[in-house]
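J.: Predicted model and sequence below, questions to follow.
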Amino acid sequence: MPFTLKTTTRMTCTLAACALLAGCDGSPSDADIKTAIQNDVQAAERQAFAMIGDDPLAKQAAAALLPKFHDAKKLGCSKDAGGGEAYVCDIEVTVSIGGGQPQTNAAKVRFVKGSNGWTFTKG
């Protein structure tokens, strides 16, 4: 088959569509996972500071003990057997506590897509 502009364009479009579909399995992306974890860390910070009150020294001490989120990376996800928009994902999360060195740990986490984006459930 001779390569004409028409066949070359058709092949390019087909390859581009395959590449796009391969990346769209419905599971949360790295960015979705990072956002879900950041949102959870921020909610925990707000809750901790609300319990402390207005004491600046206590707030400073609490801030030093709260985990600092650095990064998250999706290793792989599978559709959750419970149905719905839920996936169980193996991830790597990098955090530090109390100004210590960042540490990366692997975890298996269930992510659920809700009206406000992806969230995760613990335990």
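T.: Cool, the structure landed.
J.: do you know how far the closest residue to Ser29 other than its chain neighbours is from Leu57?
T.: Spatially, and ignoring its direct neighbours in sequence, Ser29 is nearest to Lys74 (7.1 Å; C-beta to C-beta, 6 or more residues apart in numbering). The C-beta positions use only the backbone N, C-alpha and C, and glycine is treated the same way. The spacing between Lys74 and Leu57, counted by C-beta to C-beta, to the nearest Å, is 39 Å.
J.: who has more neighbours, these two?
T.: The neighbour comparison of Lys74 against Leu57 (other C-beta atoms under 10 Å) goes to Lys74, with 20 against 8.
J.: Bridged to the more buried one, which residues?
T.: Here Lys74 sits in beta bridges with Ile91, going by DSSP bridges.
J.: so what's it up against?
T.: Ser27, Pro28, Ser29, Asp30, Ile33, Cys89, Asp90, Ile91 (C-beta atoms under 8 Å, 6 or more residues apart in numbering).
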